[in-house]
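Asker: Mind folding the following:
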Amino acid sequence: MSKEFFEAVKLLETEKGIPAEYLYEKISAAIIVAAKHDYNGKDIVHCDIDEEKQKIKVYVRKNVVEEIEDPDTDLTLEQAQEIRKSAKVGKTIDIPLKTKDFGRIVAQTAKHVIRQGIREAERGQMLQEFKSKNQELVSAKIERIDPITGNATLEIGKNQTVLPKTEQVPGESLKEGQTIKVFIVDVKEGGKGPKIMISRTHPGLVRRLFEQEVPEIYDGTIEIKSVSREAGSRTKIAVFTKDEDIDPVGACIGPRGQRVSNIVEVLGGEKIDIVNYSEDPVAFVSAALAPSEVCSVEIIDEEAKTCKATVPDDQLSLAIGNKGQNVRLAVRLTGWNIDIKPESGFFEGQDQN
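Answerer: You can find the predicted model right below:
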């Protein structure tokens, strides 16, 4: 094989990040598969690739015998000594093959196996890269936006994947060439390569943004207990710390609100409510209904996790939220079904006589 062959392999390693050793292993296997056709598929062909000396040695290993039983695998002593004078009966002898003698069909077979090996290596590399980033936040460049479906093709590292329209934040306008943050929801091995699920609407994206922005969350001093989100509109996040000297909500908001402002900016203006987590469901539900005030919370059924929250009459619409969003997010955040009642016991428009 020529010097250009080894240079091409090194180029593949550099450009695609596929280890040369892996490629040589696949190429060696391809040559063996191809050459075995001339020996009825017998497992007697060997291939050694020496990158340092830039040489490929292909040979057939045959048995030296007194009487030939299988011409594919056996040689007489006389035949063997024509190749190597020191040959002896009962030993084996390696017979060099010239790759140019394999023929066009054999060469095509080898090329096919090599291409397949490269594709497998690329898929394997892509799978490992994304698995290492599973459930993580990554930066991605928008390569293309499908004008019909709205799906965006993203470049993440050396790989490409698709951000479906359904996983994009409602109302946001993505542009080709733009760099955005996406959350890798799941990575699975598929028949045609890794299946990567990425999202900009997943609550995990907000969780990771807070970890990046708030050192106390990153180092574990403050723990994010739960997140509920309606992407592009509002997110509620419950935080907790065992350190009595730290205000977890204040730490997440940051000096002059800078930390939470940075996250809101990344999310395109999405509102964020940060509340204190509590093991006490009464306290947790009260906090989760922010920004509304709560007069009281009554546990109706602890096993079914149902409760009734009473709020001031003038806070009722705030507690429920636009189209029920505030209470809906509070339910997801706490895991409790919350029935909201006004303090007077009467709803707006209800006859009080």
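Asker: only C-alpha atoms for contact and neighbour calcs from this point on.
Answerer: Fine.
Asker: Tell me where the chain has helices.
Answerer: All helices of the chain, identified by DSSP state H, fall at 3-16, 20-35, 77-83, 104-131, 203-213, 215-218, 248-253, 258-266, 281-288, 316-320, 325-334.
Asker: relative orientation of the lowest-mean-pLDDT helix or strand in the chain and helix 3-16 in degrees?
Answerer: Every helix and strand in the chain was compared by mean pLDDT, DSSP states H and E; the lowest is helix 104-131, with a mean of 72. Inter-element angle recorded for helix 104-131 and helix 3-16: 20 degrees (by axes from the mean of the first three to the mean of the last three C-alpha atoms, to 10 degrees).
Asker: Just name whatever secondary elements helix 104-131 is in contact with.
Answerer: Secondary-structure packing of helix 104-131 (3 or more C-alpha pairs under 8 Å, 6 or more residues apart in numbering; DSSP states H and E): helix 20-35, strand 179-190, strand 193-199.
Asker: want to throw the ones you listed into a markdown table with mean neighbour count, mean pLDDT and distance to Gly232?
Answerer: Below are those laid out as a markdown table (neighbours: other C-alpha atoms under 10 Å; pLDDT from 0 to 100; distance: least, C-alpha to C-alpha, whole Å):
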| stretch | mean neighbour count | mean pLDDT | distance to Gly232 |
| --- | --- | --- | --- |
| helix 20-35 | 20 | 82 | 45 |
| strand 179-190 | 17 | 87 | 14 |
| strand 193-199 | 20 | 83 | 13 |
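Asker: Between those, which one is closest to Ala251.
Answerer: Checking those against Ala251 by C-alpha to C-alpha gives strand 179-190 as the closest, at 22.9 Å.
Asker: other SSEs contacting the closest one?
Answerer: helix 104-131, strand 137-145, strand 193-199, helix 203-213.
Asker: Make CSV out of the helices and strands packed on helix 104-131 and add distance to Lys341.
Answerer: Compiled in CSV, the helices and strands packed on helix 104-131 are given as follows (distance: least, C-alpha to C-alpha, whole Å):
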stretch, distance to Lys341
helix 20-35, 67
strand 179-190, 37
strand 193-199, 36
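Asker: still on that earlier bit, I'd like the helices of the chain as CSV, with distance to Glu155 appended.
Answerer: Compiled in CSV, those are given as follows (distance: least, C-alpha to C-alpha, whole Å):
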stretch, distance to Glu155
helix 3-16, 14
helix 20-35, 24
helix 77-83, 56
helix 104-131, 12
helix 203-213, 18
helix 215-218, 27
helix 248-253, 31
helix 258-266, 19
helix 281-288, 38
helix 316-320, 41
helix 325-334, 33
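Asker: Which among the ones you listed is found nearest to Gly190?
Answerer: Among these, helix 104-131 sits nearest to Gly190 (C-alpha to C-alpha), with 9.7 Å.
Asker: how far away is the closest residue to Asn40 other than its chain neighbours from Val297?
Answerer: Nearest residue to Asn40 in three dimensions, chain neighbours excluded: Asp72, at 7.6 Å (C-alpha to C-alpha, 6 or more residues apart in numbering). The gap separating Asp72 from Val297 is 87 Å, by C-alpha to C-alpha, to the nearest Å.
Asker: that older thread, the least confident helix or strand of the chain vs strand 193-199, what angle?
Answerer: Going by the same axes, to 10 degrees, helix 104-131 makes 30 degrees with strand 193-199.
Asker: need the contact list for the closest residue to Ala121 other than its chain neighbours.
Answerer: In space, and not counting its chain neighbours, Ala121 is closest to Ile18: 6.5 Å by C-alpha to C-alpha, 6+ apart. Contacts of Ile18 were listed using C-alpha atoms under 8 Å, 6 or more residues apart in numbering, and they are Leu12, Ile118, Ala121, Glu122, Gln125.
Asker: Go again with 7 Å.
Answerer: Leu12, Ala121, Glu122 (C-alpha atoms under 7 Å, 6 or more residues apart in numbering).
Asker: So Val185 sits against Met197, correct?
Answerer: Yes - the criterion here is C-alpha atoms under 7 Å, and Val185 meets it with Met197 at 5.4 Å.
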